[in-house]
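J.: A structural model of the following input is requested.
(one chain, ligands or ions: 2)
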Amino acid sequence: MAALTEFLSHLYTVTIVFFTLLRLEVEILMRPITGGVCNSETRLIIKAQYLKLIEEMDPTIRYSRRSSRPTQVEQCTVCLAELEEGEKVRKLKCKHSFHKDCLDKWLQQQYWATCPLCRTKVLPDEIVANYHRLQNQVDYDESSDEDMIFLLFALHGNSLHRL
Ligand SMILES: [Zn+2]
Ligand SMILES: [Zn+2]
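T.: Numbers count the residues shown, from 1 in each chain. Ligands and ions are numbered 1, 2, ... in the order given. Model (predicted):
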């Protein structure tokens, strides 16, 4: 009888272990699918916030030759094309103008967000560093709400500072 009880309790333990492992395995298998979707969404949110901040700092304008120096042809030094009348451009604080899309791409690729021509800072270093850190972190599925809150706080704090 004692042997039977022992056998049953052993069987019970083995069953529990088996199902725990099975559950873990299912979770691990499911993670890349659910995590992948979540990651790209998080990445888009982070990117959208970053672009919103750029927009806040240097709003998109329609290029007009009349409002800039009329004698000089202005060129977007990112794509090396001339700025055309009515194109979407950003004029930075340093007075350099670039296509909106060219500049946004540039600011996302560079480790520090600076003017492509004169290297004047466009965004504070800590925000750019945090943006890159979050973008990389999303790859490793380690992003946390805390980081998101920090970025949102940085964005919010920055716009408050400017008011
Ligand atoms: Zn361009
Ligand atoms: Zn510049």
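J.: where exactly do the strands run in the protein?
T.: 60-62, 75-76, 81-82, 88-91, 97-99 (DSSP state E).
J.: now the second one: mean pLDDT?
T.: Think strand 75-76. The average pLDDT within strand 75-76 is 94.
J.: One more: the longest one?
T.: In this model, strand 88-91 has an average pLDDT of 96.
J.: same for that strand, what does it pack against?
T.: Packing partners of strand 88-91 (3 or more CB pairs under 8 Å, 6 or more residues apart in numbering; DSSP states H and E): strand 60-62, strand 97-99, helix 100-109. For glycine as for every other residue, the C-beta is placed from the backbone atoms N, C-alpha and C.
J.: Distance to residue 22 and mean pLDDT added to those, as a markdown table?
T.: Output for the helices and strands packed on strand 88-91, formatted as a markdown table (distance: least, CB to CB, whole Å; pLDDT from 0 to 100):
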| stretch | distance to residue 22 | mean pLDDT |
| --- | --- | --- |
| strand 60-62 | 54 | 96 |
| strand 97-99 | 55 | 97 |
| helix 100-109 | 43 | 96 |
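J.: hang on, the earlier thing: identify, out of the strands of the chain, the most deeply packed stretch.
T.: Neighbour counts (mean count of other CB atoms under 10 Å) averaged over each of the strands of the chain peak at strand 97-99, with a mean of 23.
J.: Many thanks, have a good one.
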